[in-house]
Each structure stands twice: as structure tokens, then as C-alpha cells.
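Chemist: Show me how the following folds:
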Amino acid sequence: MPYIVYRAPPTFLSEQRLDPRIKAGQFTYFDELVTFAIWRDDDEVVLGRYCSIARDCTIFGGGNHYANRATTYPFQAFGAGGDDAFDLHTWEAPNAGTVVGHDVWLGHGARIMAGARIGHGCIVGAGAVVAGTVAPYSLVAGNPAVVVRKRFSDRATNRLLELAWWDWPLARVLANLDLLMLSPEAWPDTLELRSEEPFKGTTLPIARPVRARIMRRFAAARRRLSSD
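Modeler: Numbers count the residues shown, from 1 in each chain. Okay, here's the model as predicted:
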């Protein structure tokens, strides 16, 4: 099936029974509905850790028609091409897969096109249609999506990329949340990371009650908004 839809209350994507062509990093979550558009066996979508996927996003891992031919129509459906007519490689233009970096926020209804490369820390605006390469820590919006601004200065961006906190063990992340909740522009020149000892042994199953509390708060906030 070319369209693979996951429906669930806000939850970690890695907890779903994912198609093998979809790879999602730890703690990347989606809000109720996300669709992956994948056709061929070698199509691929890779999402990093700690990504936030808003409701009704669609991520394409393939499906591009050949744009360099006189027609984009798939005449293979009529048997054109002989024995190769039903080989999807003759229908679909090749791409190198779709990659979404770590700590990326995809806004409501965003569309990520096949072959896109979205750098770490990017924000994709609601309804944006993203193709091509997006530099780390960019804010993009529109159709086609364009860079609205950089999130941080070059120095702060380089420090974030060098720190690569998303590769840390969960215990180290939890121990240093005060740092991650600040703007990197306000970081001291020398970072002193806190000991992860108090959080040693914290794993995904232990974190689930925390996630459940967060999700209950989301639901309560929605009820308040709908009653106003």
C-alpha cells in the first residue's frame, strides 16, 4: 500500500508497528495522525530522535514521477515497456530517501516531499511543503517552503551541532534539561554539564508515566479550548 497511516493519541512513533522502510528515532512523537507515502521496496524515510510531528503531516519516501520525460503520465499501466511495465522503478523517479534530522518540529499539516533533507533543529511551519535540503536550525514556511529566518546565530548553531545532545543517554538529557530549556545564545562560554547519576537507569518504559501525564494535560487543554 503506498499510503501508510498511523493513528493514535499523541505517542512515540517508535512504539508503532512501523513499516520496515520507516525508521524513527527514540522519543520522536506524533499527534494522532501521520501519513507516510511510500511505493517501492527501496523507498525510505528516516526520522531522527526527539522530533515533534503535529497532526495531519504527510512524509513522502517516494512517488516522484519522471520530470525529464515528455510526459509524466505512467503509461506503464497500459503495458508500455513490455516485461518491465510493472516494475515500479520504471514508474517512479529515483531519490535517495527522505531524511528528517534530530529535534525537528513539523507543524500541522506539513508535507515533506520525497528526497528532502531537513537538518537538525529545524522548524517547519504549518502547511508548508518542503523539498530539497534545509540547513540545520532553519525556520521554513510556505509552498514551496522557503527559509524565513535562522533560529540562532551561526555561533550558537555550531555549538548546538557540536554538542549533539540528542546522542546523549536519556539520563544525561534529563540531568541537563535546564541547559536545553534555555536559548543557546544565553549559554556561558564554557558549559558545565550536570551529573547524570540521579537519572541512571531511566529508560523508555519508565518514562511512559511521564508521557501519560503530559498527554492528559494536552487533552485537558483541548477540552478547555473547545468549551470557550
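Chemist: May I see the domains of this structure written out as residue ranges?
Modeler: 3-62+97-167, 168-228 (automatic domain parsing).
Chemist: who wins for proximity to residue 70 among the ones you listed?
Modeler: For residue 70, the closest of those is domain 3-62+97-167, at 21.7 Å, according to CB to CB. C-beta: built from backbone N, CA, C; applies to glycine.
Chemist: The closest one: end-to-end distance?
Modeler: 31 Å (CA to CA, to the nearest Å).
Chemist: so for it, what's the average pLDDT?
Modeler: For domain 3-62+97-167, the mean per-residue pLDDT is 95.
Chemist: same deal with stretch 182-201?
Modeler: 88.
Chemist: again with stretch 73-82
Modeler: 68.
Chemist: my guess is residue 169 meets residue 176, correct?
Modeler: No. Using CB atoms under 8 Å, residue 169 is not in contact with residue 176, being 11.1 Å away.
Chemist: Comparing these two, which residue is more hemmed in?
Modeler: Using other CB atoms under 10 Å as the criterion, residue 169 and residue 176 rank with residue 176 on top: 20 against 13.
Chemist: deepest of the domains of the chain, which one?
Modeler: domain 3-62+97-167 (a mean of 18; mean count of other CB atoms under 10 Å).
Chemist: Helix or strand: which one has residue 155?
Modeler: Taking DSSP states H and E as the criterion, residue 155 maps to helix 154-163.
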